[in-house]
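Undergrad: fold the stuff below for me.
(chains A, B, C and D)
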Protein chains: 4
Amino acid sequence: MQKSYLMAPGPTPVPEQVALRMAAPAIHHRTPQFSRLFRETHEGLKYLLQTENDVLMLASSGSGAMEGAVVNAMSSSEKAIVINGGKFGERWGKICEAYGLEVLWLNYPWGAPADPAQVEELLLQHENVGAVFVQACDTASTVAHPVACLGKLVQKHPRTLLVVDGITAVGAADIAMDRDGIDMLLVGSQKALMLPPGLACVGVSTKAWEKISQSDMPRFYFDFQKERKALAKDTTAYTPAASLITGLHEVLAMIRQEGLAHLHKRTELLARAARAGLQALGLELLAPAAPAASCSGARLPESLDGKALVRYLRDTMGVTVAGGQDHLEGKIIRINHMGYVDSFDIVTALAALEMALHRFGQPVKLGQGVAAAQEILLERYPS
Amino acid sequence: MQKSYLMAPGPTPVPEQVALRMAAPAIHHRTPQFSRLFRETHEGLKYLLQTENDVLMLASSGSGAMEGAVVNAMSSSEKAIVINGGKFGERWGKICEAYGLEVLWLNYPWGAPADPAQVEELLLQHENVGAVFVQACDTASTVAHPVACLGKLVQKHPRTLLVVDGITAVGAADIAMDRDGIDMLLVGSQKALMLPPGLACVGVSTKAWEKISQSDMPRFYFDFQKERKALAKDTTAYTPAASLITGLHEVLAMIRQEGLAHLHKRTELLARAARAGLQALGLELLAPAAPAASCSGARLPESLDGKALVRYLRDTMGVTVAGGQDHLEGKIIRINHMGYVDSFDIVTALAALEMALHRFGQPVKLGQGVAAAQEILLERYPS
Amino acid sequence: MQKSYLMAPGPTPVPEQVALRMAAPAIHHRTPQFSRLFRETHEGLKYLLQTENDVLMLASSGSGAMEGAVVNAMSSSEKAIVINGGKFGERWGKICEAYGLEVLWLNYPWGAPADPAQVEELLLQHENVGAVFVQACDTASTVAHPVACLGKLVQKHPRTLLVVDGITAVGAADIAMDRDGIDMLLVGSQKALMLPPGLACVGVSTKAWEKISQSDMPRFYFDFQKERKALAKDTTAYTPAASLITGLHEVLAMIRQEGLAHLHKRTELLARAARAGLQALGLELLAPAAPAASCSGARLPESLDGKALVRYLRDTMGVTVAGGQDHLEGKIIRINHMGYVDSFDIVTALAALEMALHRFGQPVKLGQGVAAAQEILLERYPS
Amino acid sequence: MQKSYLMAPGPTPVPEQVALRMAAPAIHHRTPQFSRLFRETHEGLKYLLQTENDVLMLASSGSGAMEGAVVNAMSSSEKAIVINGGKFGERWGKICEAYGLEVLWLNYPWGAPADPAQVEELLLQHENVGAVFVQACDTASTVAHPVACLGKLVQKHPRTLLVVDGITAVGAADIAMDRDGIDMLLVGSQKALMLPPGLACVGVSTKAWEKISQSDMPRFYFDFQKERKALAKDTTAYTPAASLITGLHEVLAMIRQEGLAHLHKRTELLARAARAGLQALGLELLAPAAPAASCSGARLPESLDGKALVRYLRDTMGVTVAGGQDHLEGKIIRINHMGYVDSFDIVTALAALEMALHRFGQPVKLGQGVAAAQEILLERYPS
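TA: Predicted coordinates:
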């Protein structure tokens, strides 16, 4: 027997009570009973996104919602500014190009946050920028982009939206749609929402609705206006991912009970502990300047076969963390601290990493990463 | 306390063992462990669709897969023949039009099956028909269209695909993709697959792949070629609906254990019993010429408030059936017999209907519909 | 695939929400968290038994609680009056004899209720009767004994207790411990409490506590005084059946929500419907004079192999009912209507029985039993 | 939100797959379907107890099985040797006395193993010793008694049985009923069997059956001969704890898959790691001479309020460990390593303990206990 510990930045562990809630017999999704649950879930989403805007619920994974954002926010003659500092930043651009849109790329090394000044410059250079697309956190590089700063900039441009992929950020970091000037804010079920994948949510601002009404892009399944009409009747345009919405209802109740402020503080504490542990093991952080609250990445020693290390942790030790993608494949390790995670999950990930590094011949002192994390985690437990 | 009985044609009841399987801790979807489950699920889908073709798994509800079929099967200069004999037939046309395609509509009264001769005529009249779009069963009208006949016709046209929405048919009726000459065959999780909604599968023929490679339609999330590449590596292009795929793995094991032939025979028996019961109550079938195996519809007496009847059955009696949509709203009742349904669910639906009709002042003889159904259900239980 | 329908008088179906509640991670049973749940469960039991007395929770099946009742209620020099009108009545006597007690047997044909006059006579004839042991309902014979009458009688005898096995009665029939003069009242988890077996509860009156304190019988695991001390501290003397107590907490919340009066009325309605259905099929009730609210029994035609019929119902049709025990083996059928059961479960049981009788060559008219039941079940659904 | 980590020596965590298995709809326990499951479970128990003997399954907690052992093994004229080195040793004697048996007490300080020479001496001094009662491990003192040595001794005495409470030992340590000369071996569900409490199993040797047949003790619910007869028909004498037996079936499949040798080795490794961690924190082991494989105990610094520490760990940190009982209350801490436990549970318990000790003003170096444990746990993960 070997126990499994899931510590990758999505999918994250589903709380037992949520998993069991979703296992209960379904309510038909076209009934007043489901409508009530749907309405309450919508209210909970507005609390989570800190917004008075509509928040749509789409039966798709996050990439589907990203496509939805593009084909609703943009018109065919507009240009898109895409902040690309990781695999998911790149995806924004690919979607735009698939739909024939001109992309103004702002590329950053993975791990470096976007520079708002460069965005401002582009906005001044180019007329007809339909939207700025960015990640609040790019999962692939564990960097947090300065979303609130971008919000301030973009708000000055009446024809330009700020579209934020908050899939690996909302529910971990303090991102407030209304306060921060975000026009579309995306959330995915399998991250801080502690659910299986297959549900994506998009908050849409008044400014965005105005633009959507003028958009000439082709769309059907991800037609936000049709969803908005359905939302007003407490339902969805097409068959909803009903079991995930039921789970989300439970998750949002848990989040409300904890309170957003506490949730953000707890996640930040776990993040600091994870980073302290990684650094105490002599590893260099992937995004030292702007590390995400949701997950931490660290570079592995050059001599190490990082893919083998991640495989060893998962298959021999039972601890699933993430490695790197694309050009970082085999070179980094990524650890989750959003969602259904607490102090001793961080301790577990670090203890396992120490032991695995030791097995891979690295001169690591057992307990050293753990101790550095414990030092910080103590803050969670007052005398 | 009141027990709930779910008898609508989607969502259908999820077997307890499947619901519990999905409640188990998740396997990360980017691991060899999940890949094995994914591969086995794919094999099971090929068994279910009776095909050697690839079967893609999309994180969306059925309408998303319909859009996917359109934007992959068609090119912008092509025309679409759409068989419209119900709400879902109409949806094929709406999607095509949303993407700027010219639609050749073949409209039928709800409940009437398509006439292959008319399709043939259109195919001869029009060059450049990219695809014929049809439902194997239109849930809204409970009619079964002659898919195999259409297959024979369309196969003669090398540039035309037969695209079949089998969402409310595959797993209920005997639809064999390869034998019947279907180029794209769609399945949805919440019908005969006995799962919650949020997963759609699409079988794609060699002829279809050839056409897809030449398609110039815009697409990203529903890019079948990208999915095909991922499928070859036992994964999906974007984050999969992992919990539903896990459930599907269990469902397909159940289906294999029963055997397709038995499954189709059992469903047909339940369908005949349901129809006999409805008719014994003096109700007229909605699709008498070509009734679906998956669900049965019957017209309610004109004098009756059908919406109130459906509400009474659900809210007062605990039995959820479906009413009518669009112009049939309040005029019909629809009962499910696909998926996790057995003899006594049909008995339950009919007994409840008898009692509700009685309460609504109809001159129904209690037990009469049940008896007619029992007569047929006896075949299921040999001496 | 074949669906299973559980219609035997124990174990009865566990509601999904209860089963899922018990599947959640356990709380350690020696913590304040569990103590709170335990205390609330105890309050719920007092509501269910309609008593101000202590209600003990024992980790055992009902027979263990019966032994507990005997070794606590009696002293070695006392005699026991045992009302034996079924398998479980007989068990009271066997337990007493195993512990060397003299038994005054009052035997009744299975299905006949006890005659209070005979009990009174015995009480007058014999000094030193420690207790009268009776079933509120004997599951084996589906008879209800006149517990309230016996309570009135026994109350006049200061040294005699009325010990009632309410395992197949409490939660189905209106049995009020305090009002009816019951000194020990036993409940079992797998009957009207809708739980798996393994938990038994015993209400104990003040009069009983007095007698227990003087009892000289050997006991350890079923030492009620030790349990009472533990109960005062919101716990049990030995490790409790914690998962079942957790489930009971949920069940009692469901029962409170429905309300006892409604629960009893609903069960009585289902009972009347079941009896009407059985009689409409030409079957003779097993306990016509005093039928139980919890389950109904009927004699099968002499010519019929009743064991084969029950087997056929279960293995071929998926409907589990109970046959007869001891001398009634193969001669009767018993159907449950307590616990998580509603109208259409009765319909299912009767429809299946009709079809099975037909298959066994009986001249039954399909739908006839169902119609008789429906007639009564209509009362549950007002216009 | 706070996650809970259960690390007390019973109840231990239930594996998710086992909890979900028990949540599935029940099979009636008097059917061939359940009999098959029961028979396979019995085979699995024989594998676990390493015996060819019958293993009875009782619906009770461990104390009920202890009473059962006493009233079946003994006759009223016989004496009992009771090895009392902890709370549960004492319980053997209390049960014997409750049934009027003469007890020859062999008392040991909590934590000290029994001395076989003293047992031998008593056996030579006294004729008519019916049985020697001992714990394989006394949970209260975390000591392992020399069961195999006692087996050798007792085997020489044809009228004396060795009765071993293996509740906190079987499934953790290598106890082989047949090899070690044990006549009755008790197991409880909520320890190494990873189940909720409420099921106890007792292996019974041929020598024991012979004695049982001559026993004159009163008994009914715990009548082993009646259970043996039922076991031969793949059932139990009284209603079984069916959900727990279903869970046990799953657990035994897991154990078989791992293999007993690996299971014992893994548990021993976790035990060594836990002890190394406790000692590295400067704590003195409770049973240094003969520590149990199942759980470890350590004395807390005299100055420390141990009850407050355990409460802090549980209520503030979410980590449930056990404190001391009776005269050790507030003075020790006990950590579990049997059942569904793996390396990082030990790490978690130790990391939490370090932090709690720090918060209670102890001069502990964070990470030190963890490091000592990691050093040993590395053995589990080969290069």
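
Undergrad: which bits of the stretch 251-383 of chain A sit near chain B?
TA: Neighbours of chain B within the stretch 251-383 of chain A, by CB under 8 Å from any CB of the partner chain: A:314, A:320. C-betas here are computed from N, CA, C, even on glycine.

Undergrad: mind listing the helices in the stretch 251-383 of chain A by residue range?
TA: A:260-280, A:306-311, A:343-359, A:368-377 (DSSP state H, counting those that start in this stretch).

Undergrad: would you mark the buried spots in the second one?
TA: Applying a neighbour-count criterion of 16 or more other CB atoms under 10 Å in any protein chain shown, the buried positions in helix A:306-311 are A:306, A:309, A:310.

Undergrad: measure how buried the nearest residue to residue A:126 once chain neighbours are set aside is and give me the count.
TA: Spatially, and ignoring its direct neighbours in sequence, residue A:126 is nearest to residue A:79 (5.7 Å; CB to CB, 6 or more residues apart in numbering or on different chains). Other residues lying near residue A:79 total 19 when counted by other CB atoms under 10 Å in any protein chain shown.

Undergrad: ok so, going back, for the buried residues of helix A:306-311, which one is nearest chain D?
TA: residue A:309 (12.3 Å; CB to the nearest CB).

Undergrad: before we move on, back to that, the residue nearest to residue A:126 contacts residue A:104, doesn't it?
TA: Yes: with contacts counted by CB atoms under 8 Å, residue A:79 reaches residue A:104, the gap being 5.6 Å.

Undergrad: any shared contact partners between the two?
TA: Common neighbours of residue A:79 and residue A:104, counting by CB atoms under 8 Å, 6 or more residues apart in numbering or on different chains, are A:126, A:129.

Undergrad: what does residue A:56 show for phi and psi?
TA: With angles defined as degrees, to the nearest 10, residue A:56 sits at phi -80, psi 150.

Undergrad: which positions in stretch A:361-369 come out as buried?
TA: For stretch A:361-369, using 16+ other CB under 10 Å, the buried residues are A:362, A:364, A:366, A:367, A:368, A:369.

Undergrad: same thing with stretch A:98-110?
TA: So, applying 16+ other CB under 10 Å, buried residues of stretch A:98-110: A:98, A:99, A:101, A:103, A:104, A:106, A:108, A:110.

Undergrad: average model confidence for that stretch?
TA: Stretch A:98-110 carries an average pLDDT of 98.

Undergrad: stretch A:148-166 now?
TA: pLDDT averaged over stretch A:148-166 gives 98.

Undergrad: gap between that stretch and the chain center?
TA: 18 Å (CA atoms, centre = their mean, to the nearest Å).

Undergrad: need the CA coordinates for it. CSV is fine.
TA: Written as CSV, here are the backbone C-alpha positions of stretch A:148-166 (Å, rounded to 0.1, in the frame of the first residue of the first chain):
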residue,chain,number,x,y,z
ALA,A,148,-4.3,45.9,-10.6
CYS,A,149,-1.7,48.2,-12.2
LEU,A,150,-2.9,47.1,-15.6
GLY,A,151,-6.5,47.7,-14.6
LYS,A,152,-5.6,51.4,-13.9
LEU,A,153,-4.0,51.8,-17.3
VAL,A,154,-6.6,50.1,-19.3
GLN,A,155,-9.5,51.9,-17.7
LYS,A,156,-8.4,55.0,-19.4
HIS,A,157,-9.0,53.5,-22.8
PRO,A,158,-12.8,53.3,-23.4
ARG,A,159,-12.5,50.8,-26.3
THR,A,160,-10.1,48.5,-24.6
LEU,A,161,-10.9,45.7,-22.2
LEU,A,162,-8.7,44.1,-19.6
VAL,A,163,-9.2,40.4,-19.8
VAL,A,164,-7.6,38.4,-16.9
ASP,A,165,-7.1,34.7,-16.7
GLY,A,166,-7.5,34.2,-13.0
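
Undergrad: who touches that stretch?
TA: Applying CB under 8 Å, 6+ apart, the contact partners of stretch A:148-166 are A:49, A:62, A:66, A:69-70, A:73, A:88, A:92, A:114, A:116, A:119-120, A:123, A:128-137, A:147, A:175, A:179-187, A:205, A:207-208, A:211.

Undergrad: can you check stretch A:37-53 too?
TA: Under CB under 8 Å, 6+ apart, the answer for stretch A:37-53 is A:27, A:55, A:57, A:166, A:170-171, A:175-179, A:185, A:187, A:201, A:203-206, A:231, A:234-236, A:240, A:245-246, A:248-249, A:252-253, A:255-256, A:260.

Undergrad: same check on stretch A:107-120?
TA: Contacts for stretch A:107-120 (CB under 8 Å, 6+ apart): A:81, A:83-86, A:89, A:106, A:132, A:134, A:138, A:140-146, A:149-150, A:153-154, A:286-290, A:297, A:327-328.

Undergrad: those residues, buried ones only, as a PyMOL selection?
TA: To isolate the buried members of these in PyMOL, using 16+ other CB under 10 Å:
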select buried, chain A and resi 81+83+84+85+86+89+106+132+134+138+140+141+142+143+144+145+146+149+150+153+154+286+287+290+297+328
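
Undergrad: before we move on, the earlier item: quick one, which of the contacts of stretch A:148-166 are buried?
TA: Among the contacts of stretch A:148-166, those scoring as buried are A:49, A:62, A:66, A:69-70, A:73, A:88, A:92, A:114, A:116, A:119-120, A:123, A:129-137, A:147, A:175, A:180-187, A:205, A:207-208, A:211 (criterion: 16+ other CB under 10 Å).

Undergrad: which of the residues you listed fall in helices?
TA: A:49, A:62, A:66, A:69-70, A:73, A:88, A:92, A:116, A:119-120, A:123, A:147, A:180, A:207-208, A:211 (DSSP state H).

Undergrad: which parts of chain A sit against chain C?
TA: So chain A meets chain C at A:16, A:17, A:20, A:21, A:23, A:24, A:25 (CB under 8 Å from any CB).

Undergrad: could I get the residues you listed in CSV, plus columns for secondary structure?
TA: Shown next, in CSV, are the residues of chain A next to chain C (DSSP: H, G, I helix; E, B strand; the rest coil):
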residue, secondary structure
A:16, helix
A:17, helix
A:20, helix
A:21, helix
A:23, coil
A:24, coil
A:25, coil
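
Undergrad: quick one on the thing from earlier: out of the buried residues of helix A:306-311, which comes closest to chain C?
TA: residue A:310 (28.4 Å).
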